[in-house]
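K.L.:
here is the input, now give the coordinates:
(one chain, ligands or ions: 1)
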Amino acid sequence: MTTTTTQIAARAVDLVKTYGSGSTTVQALNAVNVELVRGEFTAIMGPSGSGKSTLMHCLAGLDSVSSGSVSIGDAELSGLSDNKMTALRRDRIGFVFQSFNLVPTLTALENITLPMDLAGRKPDKEWLDNVIDTLGIRDRLGHRPSELSGGQQQRVACARALASQPDIVFGDEPTGNLDSRSSAEVLGILRSSVDRLGQTVVVVTHDPRAAAYADRVLFLADGDIVNEMRDPTEARVLDLMKTMED
Ligand SMILES: Nc1ncnc2c1ncn2[C@@H]1O[C@H](COP(=O)(O)OP(=O)(O)OP(=O)(O)O)[C@@H](O)[C@H]1O
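P.N.:
Alright, predicted model coming up:
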């Protein structure tokens, strides 16, 4: 069965990314082909240096591609001007990073609505309420980041990413700085944003426990997708990682 364009949140076709030139050239991605289906939670795993961050950055339009193409929804990124690219990143992509990247002088609510405020857009109140309640941060909205725990700060960062109803939310090790309890909370929130809000979520992670929250895990090695798993469990992910080390 072929998947129609409207069901694809992001797509890479023959995506090659090289860094440097001459004898110092590194081929970080070797003609990667991948489709990320709307409303799914995908985890990207693989050894250090396998290309996970590069793939995410190219898919999110944070880095240019050397050849091949990347699309978000029906927009092919290489065809976009710098201004259009900035607008697309702002309006259609949400980001959650390892360091929460909240503005310390703003309250939680002001942080959540900041990207939309900068874009001159009004948040959809019903959606925003839904996100705030899904993330369980209603009683924290007036607090500044320094008055919140790490897990709460990352929930606010998740709310900021989800608030504008982006086509896709990218997380680069979003639980890398959290203890196991807060990690589980944040991953549960990303999971429920997929289940309850229909979000599309993609995270890079080293942690099989984090990957087990996903619908699908892509395994990278040396710049290629070498394996994938649907409906992962921590044990199955660990087993596959062991076979990939052999
Ligand atoms: N800006 C850059 N300049 C040169 N080489 C780079 C650059 N960014 C990444 N690379 C190289 O590209 C390859 C893939 O790097 P990438 O960061 O995507 O891997 P990763 O799987 O995310 O690794 P990690 O798990 O350690 O974060 C590596 O060999 C890396 O050294």
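K.L.:
when you work out contacts or count neighbours from here on, use the C-alpha atoms and nothing else.
P.N.:
OK.
K.L.:
three-state assignment of Ser53?
P.N.:
When classified by DSSP: H, G, I helix; E, B strand; the rest coil, Ser53 comes out as helix.
K.L.:
that one and Ile137, how far apart?
P.N.:
According to C-alpha to C-alpha, to the nearest Å, Ser53 and Ile137 sit 29 Å apart.
K.L.:
what parts of the chain come near the ligand?
P.N.:
Residues of the chain found near the ligand (C-alpha under 6 Å from any ligand atom) are 19-20, 26, 28, 47-54.
K.L.:
neighbour count added to those residues, as JSON lines?
P.N.:
Listed next are these as JSON lines, based on neighbours: other C-alpha atoms under 10 Å:
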{"residue": "Tyr19", "neighbour count": "12"}
{"residue": "Gly20", "neighbour count": "9"}
{"residue": "Val26", "neighbour count": "12"}
{"residue": "Ala28", "neighbour count": "21"}
{"residue": "Pro47", "neighbour count": "15"}
{"residue": "Ser48", "neighbour count": "12"}
{"residue": "Gly49", "neighbour count": "13"}
{"residue": "Ser50", "neighbour count": "19"}
{"residue": "Gly51", "neighbour count": "24"}
{"residue": "Lys52", "neighbour count": "29"}
{"residue": "Ser53", "neighbour count": "20"}
{"residue": "Thr54", "neighbour count": "20"}
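K.L.:
how about those in JSON lines, adding pLDDT and distance to Asp224?
P.N.:
Formatted as JSON lines, those follow (pLDDT from 0 to 100; distance: C-alpha to C-alpha, whole Å):
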{"residue": "Tyr19", "pLDDT": "95", "distance to Asp224": "16"}
{"residue": "Gly20", "pLDDT": "90", "distance to Asp224": "19"}
{"residue": "Val26", "pLDDT": "93", "distance to Asp224": "14"}
{"residue": "Ala28", "pLDDT": "97", "distance to Asp224": "9"}
{"residue": "Pro47", "pLDDT": "93", "distance to Asp224": "12"}
{"residue": "Ser48", "pLDDT": "92", "distance to Asp224": "13"}
{"residue": "Gly49", "pLDDT": "94", "distance to Asp224": "11"}
{"residue": "Ser50", "pLDDT": "95", "distance to Asp224": "8"}
{"residue": "Gly51", "pLDDT": "96", "distance to Asp224": "8"}
{"residue": "Lys52", "pLDDT": "96", "distance to Asp224": "10"}
{"residue": "Ser53", "pLDDT": "93", "distance to Asp224": "13"}
{"residue": "Thr54", "pLDDT": "96", "distance to Asp224": "12"}
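K.L.:
cool, thanks, talk later.
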